[in-house]
Structure formats: structure tokens, C-alpha cells
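K.L.:
With the sequence up front, the predicted model follows.
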Amino acid sequence: MKILTKEEVEEHKNHVLKENLKGLAVGAGVGGLMIAGIRKKWPAQWKSLNTSFKAAIFAMPCITIAAFYADDGSLEFDKEKYQGDYLKKVKEAKEERYNGLTSTEKLIHQVNEYKYPLIIGAWGASLFGCWKLVDRDRYMSKAQKIVQARVYAQAISVVLLLGTILLSYRDNEIKKKQPAPIPEWKQILQEQEEKKKQAAAAAAASQQQPTQP
């Protein structure tokens, strides 16, 4: 267990405070937008609310987002301060493996890395596109259009699902061709062994130096 120095504690506190203030600013913006939206859409209901309730609507996003920023800032500080060298080596190893891929393999890897945002975006765009296509039919009722658009959307969802499975399978095949990454515990042992060798070599060199008469 590492015992933190007074300077490290102070540095951590300042970093967390800075992130907390960032979250507070973001939360204030969210709270302000919420109040503006409520006042515009339900002006009568807004006027009927008491001051405490209005203050709570503004304060809740501020408190929640500020706490999230502070917690995330604390984790990031620990990573950068105490795991920076290890994370840098992991990143370099990933980049080295990535640079060894072909252009097609790189494309497959990138698409697989961001597949969920891409799938959600494609699914949302397909729903919108299906509705716009079906809505052009003047002879169908609104209920019929909804059913027809849903059928199209379901078919597209199946295609997207199959595409996701194929991407994952292809990316796993690419990873199998690459050398297996060294486990974290093994890397730590290797680093400790290397430091011991360097310290022993330095001690041996200092002993071999001739003493001054």
C-alpha cells in the first residue's frame, strides 16, 4: 500500500476540485435549460410551483453532474499519476499491433470498435427513412403506415444484427493472427526484474571503481 505524501494529497484535492467546478458549470447549464423548457412549455404549472421545488429542479443537475465529474476526475488523476508509464506502454503496444494490420483489417477493426454507436445511429436513420418512405403513400391510413414502417425497420434490424455478428467474428479472426499481449502481472514482474538487474549492475560498477589514494 502506497502512503501518499502531503504534496500528492494536495495535488489530488486541487484536481478533483477543478473537475468538480467543471461539472458544476455543466450542471448549471443543464438546469437552466430544463427550467427554460418547463417555463416555455408549461408556463401555468411553472408559476404554481413553490420556490423550493423550482430550486430543486435547478440544483439536482448541478449536484449530480458535479459529483460525476469529481469522481471521474479522481480516477483519471490516479491513472495519470500512478499508472501513466504502464498505460503508455499498453497504448504503444496496441498502436504497434494496429499498424501491423492491412488497410482492410484496420477498417474492420475501427468499425468493430465503434459498432454500437454506428448501429444505433443506423437504426435511428432507418426508422426515419422508413417512415418518410411509407408516409408518401396517400392511400394508406396512419395505422397502416406505422405497421408498414415497423416491418421495414424490423428487417433492417435483422440485417444490422447479422452485420454486427459478422464484424465481431472477423475482428476476432484478425486478433487471433496477432501475437497474444503480455499479461499485466507478467509485465510488472519483468519490470521489477529489470530494475533489480540494473541496480545490481550499478552496484557492481561502483565497487569496481578504483578508490582514490
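P.N.:
Nice, I can see it.

K.L.:
Got the phi and psi for residue 193?
P.N.:
Main-chain torsions, residue 193, degrees, to the nearest 10: phi -70, psi -40.

K.L.:
Also residue 139?
P.N.:
phi -100, psi -10.

K.L.:
can you give me the helices for the chain?
P.N.:
Along the chain, counting by DSSP state H, helices occupy 6-41, 43-48, 51-82, 84-99, 103-113, 115-135, 142-177, 184-208.

K.L.:
now these in TSV, with mean neighbour count and mean pLDDT?
P.N.:
C-beta: built from backbone N, CA, C; applies to glycine. Formatted as TSV, those follow (neighbours: other C-beta atoms under 10 Å; pLDDT from 0 to 100):
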stretch	mean neighbour count	mean pLDDT
helix 6-41	14	89
helix 43-48	10	88
helix 51-82	14	87
helix 84-99	12	71
helix 103-113	14	78
helix 115-135	14	80
helix 142-177	13	80
helix 184-208	10	74
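
K.L.:
For residue 21, which non-adjacent residue is spatially closest?
P.N.:
Among residues not flanking residue 21 along the chain, residue 66 sits closest, at 7.8 Å (C-beta to C-beta, 6 or more residues apart in numbering).

K.L.:
do the same with residue 126
P.N.:
Nearest residue to residue 126, sequence neighbours excluded (C-beta to C-beta, 6+ apart): residue 156, at 4.3 Å.

K.L.:
Let me see the contact set for the one you found.
P.N.:
Neighbouring residues of residue 156 by C-beta atoms under 8 Å, 6 or more residues apart in numbering: 122, 123, 126, 130.

K.L.:
out of these, which one sits closest to residue 97?
P.N.:
residue 122 (27.8 Å; C-beta to C-beta).

K.L.:
can you pull the contacts of that closest one?
P.N.:
Per C-beta under 8 Å, 6+ apart, neighbours of residue 122: 156, 160.

K.L.:
Over to the one 5 residues further on?
P.N.:
With contact taken as C-beta under 8 Å, 6+ apart, residue 127 is in contact with 149, 153.

K.L.:
hmm, try it at 7 Å
P.N.:
residue 153 (C-beta atoms under 7 Å, 6 or more residues apart in numbering).

K.L.:
now do the one 4 residues further on
P.N.:
Each residue near residue 131 by C-beta under 7 Å, 6+ apart is listed here: residue 149.

K.L.:
again, 8 Å this time
P.N.:
Taking C-beta under 8 Å, 6+ apart, one finds 145, 149 in contact with residue 131.

K.L.:
gap between it and residue 116?
P.N.:
23 Å (C-beta to C-beta, to the nearest Å).

K.L.:
Now residue 174: closest residue in space that isn't a chain neighbour?
P.N.:
residue 105 (5.1 Å).

K.L.:
And for residue 137, the neighbour number?
P.N.:
11 (other C-beta atoms under 10 Å).
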